[in-house]
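Participant: how would this look folded up:
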Amino acid sequence: SAPIWQLGDDGLAELQASLQSLKLTHIGLLKTGLSEVSAPVLIDLILANSERLTTFNLSDNPVGDGAFQDVCAALQRCAILEGMYANRLGITHHSISSLSNLVRSCSHLTWLYLAGNDLSGDDDADGEFATTVLESESLESLIMPSDEYQLISATLHRQLSALDKPELKVKFSEY
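Facilitator: Model prediction:
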């Protein structure tokens with residue numbers, strides 16, 4: 001579907017200087033036509049706001065694994081990050097370890113939305129992610145791709161479904 005606001009990679013790069021001077025607590029770039037090319041600008045924006053950023057939304061932008069992993073590494077430096085929308089980014093199981101590191105590093109992270117990504121494929125990384133989610137003291141809401149469409153492995157679906165953690169709501173969605 002078409003971007004809500006066709007910012008695109010070039011538009012974000014043009015706005016970079018103006019955005020750097022703002023003190024942002026929320027970065028919302030939902031459906032703005034960004035790709036992996038925007039990763040360096042996104043990382044600069046995250047790092048410039050790492051002490052105050054609480055919400056990051058990159059959903060519906062086809063950034064792929066490489067850019068997403070770099071963004072996750074930058075988000076790990078956000079002291080009070082509470083949540084991230086990462087729906088439909090074109091990420092795969094190659095990003096599971098980066099997600100595990102993000103959950104481990106962000107002690108205030110209470111929600112993580114990952115629907116619409118194909119995270120199937122790596123049982124070792126799946127096990128690490130499930131363990132990280134279980135050990136997280138702050139995570140309360142996790143939305144994962146549905147195993148009905150084989151977008152996550154049966155192993156990860158089983159592990160997350162079986163978590164004995166009443167304070168954590170896990171939902172599986174293809175959207």
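Participant: drop to CA atoms for contacts and neighbour counts, all remaining ones
Facilitator: Fine.
Participant: quick one, what contacts W111?
Facilitator: Shown in contact with W111 (CA atoms under 8 Å, 6 or more residues apart in numbering): 82-84, 139-142.
Participant: So what's the residue count around the closest residue to A115 other than its chain neighbours?
Facilitator: Among residues not flanking A115 along the chain, P145 sits closest, at 4.3 Å (CA to CA, 6 or more residues apart in numbering). Residues lying near P145 (other CA atoms under 10 Å) number 26.
Participant: For E137, see how far away P145 is.
Facilitator: 22 Å (CA to CA, to the nearest Å).
Participant: next one: I80
Facilitator: 14 Å.
Participant: which of those two has more neighbours?
Facilitator: Higher neighbour count among I80 and E137: I80, with 19 against 16, using other CA under 10 Å.
Participant: quick one, what contacts that one?
Facilitator: 51-54, 106-109.
Participant: Which member of those residues is positioned nearest P166?
Facilitator: P166 has its nearest neighbour among these in L109, at 16.8 Å by CA to CA.
Participant: That closest one: what secondary structure?
Facilitator: Secondary structure assignment for L109 (DSSP: H, G, I helix; E, B strand; the rest coil): coil.
Participant: same question, L112
Facilitator: Using three-state DSSP, the structure places L112 in strand.
Participant: Ramachandran coordinates for the residue positioned nearest the centre of the chain?
Facilitator: With distances taken as CA atoms, centre = their mean, A86 lies nearest the centre of the chain, 3.9 Å away. Taking degrees, to the nearest 10, you get phi -130, psi 40 for the backbone angles of A86.
Participant: Contact partners for it?
Facilitator: A86 neighbours (CA under 8 Å, 6+ apart): 57-60, 112-115.
Participant: Next SSE downstream of the lowest-mean-pLDDT helix or strand in the chain?
Facilitator: Lowest on mean pLDDT, DSSP states H and E among the helices and strands of the chain sits helix 154-161, with a mean of 75. Downstream of helix 154-161, the first helix or strand assigned by DSSP states H and E is strand 169-172.
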